[in-house]
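Q: structure for the following, please:
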Amino acid sequence: MRGLLDDETLASSAVVANSAMNRERQLDGVNSYTRELGFHPLDWLVARVHPGVPAEPRIPPVGWLDLCCGSGRALGQAAWRLHRAGLADRVAITGVDLVDFFDAAAPDPERGRDDRSPVGVGAPHLVCAPIGTWTPPRRYDLITCVHGLHYVGDKLGMLARIAGWLVDDGRFVADLDLSSVRLADGRAAGRRLSSLLRSAGFAVDPRRRRISRTGPVALSLPYRYLGADDRAGPNYTGQPAVVSYYAPA
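A: Residues are numbered from 1 along each chain as shown. Have a look, this model is predicted:
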């Protein structure tokens, strides 16, 4: 185990500030959120909006939080569709990314225009911040993280934080390669970690390298975070990634 980085130092790593991941990803299509997540996030959100029931200020809109959102292009495309459907005030979209590389002109996917994303009500709220220290202002119906956990140091701590940000029947879906979660001797945390996560109500799909759950939970795992290695090289995506190390708590 080489010298490990704490999360503050890791945030300055060129590997973590990946300029390629999620910069061009669309809402749907070949290189898309829909393909990576296994469902269409906007369709799922719109299904939670009660048709014919007017929005009320006291009722928060349906919320989508996308962590490690990259340029936010897919979020801008979703905002356009909500705008055209008259649902801009019914769904609130937030994206968070470490790098302020947000797409200032997310195109209208229907018209192919480079108009700016809708502004005001319904516009995506894009936040430049490390997701490990950012605190959300609300709970969310949907939380996604497309290939973002590959660059997080304390991956298990991040899962615990995210699990507390869901509404009662909210949905969380993310890419997670459990081979990048290792013990101090370099062995992957493996089956025991998968079993603990499943016992806590997470669905773990090792073939698709995907993790998900429905509803919030106070997650406490018997691991102590030691630090991260940003020199581990490419993972299954072909991009350099971060390996996280833990000791039994």
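
Q: what ranges do the strands span in this structure?
A: Along the chain, counting by DSSP state E, strands occupy 62-67, 91-97, 125-128, 140-145, 166-175, 181-183, 203-205, 210-214, 223-229, 243-248.

Q: what helices or strands is the longest one leaning on?
A: Using 3 or more C-beta pairs under 8 Å, 6 or more residues apart in numbering; DSSP states H and E as the contact definition, the elements that strand 166-175 packs against are strand 140-145, helix 155-163, strand 210-214. Backbone N, C-alpha and C define where each C-beta goes, glycine included.

Q: most tightly surrounded among those?
A: For the helices and strands packed on strand 166-175, average neighbour numbers computed from mean count of other C-beta atoms under 10 Å are highest in strand 140-145, which has a mean of 24.

Q: distance of the most centrally placed residue in the chain relative to Arg213?
A: Centroid-nearest residue in the chain, with C-alpha atoms, centre = their mean: Cys145, separated by 1.8 Å. Separation of Cys145 from Arg213 (C-beta to C-beta, to the nearest Å) stands at 12 Å.

Q: likewise Asp205?
A: 12 Å.

Q: got it, and Ala160?
A: Distance, Ala160 to Arg213, by C-beta to C-beta: 12 Å.

Q: Asp154 contacts Ser244, correct?
A: Yes. With contact defined as C-beta atoms under 8 Å, Asp154 counts as touching Ser244 (6.5 Å).

Q: for the two, indicate the residue with more neighbours.
A: For Asp154 versus Ser244, neighbours defined as other C-beta atoms under 10 Å are more numerous around Ser244 (26 against 21).

Q: picking up where we left off before, redo the strands of the chain as a markdown table? Include distance to Leu193 and mean pLDDT.
A: A markdown table is the format used below for those (distance: least, C-beta to C-beta, whole Å; pLDDT from 0 to 100):
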| stretch | distance to Leu193 | mean pLDDT |
| --- | --- | --- |
| strand 62-67 | 20 | 97 |
| strand 91-97 | 25 | 95 |
| strand 125-128 | 30 | 93 |
| strand 140-145 | 18 | 98 |
| strand 166-175 | 15 | 97 |
| strand 181-183 | 6 | 97 |
| strand 203-205 | 9 | 97 |
| strand 210-214 | 11 | 98 |
| strand 223-229 | 8 | 97 |
| strand 243-248 | 9 | 96 |
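
Q: indicate which one of those is closest to Ser12.
A: Proximity to Ser12 (C-beta to C-beta) singles out strand 223-229 among those, at 12.2 Å.

Q: in the closest one, what's buried?
A: Using 16 or more other C-beta atoms under 10 Å as the test for burial, strand 223-229 gives Tyr223, Tyr225, Leu226, Gly227, Ala228, Asp229.
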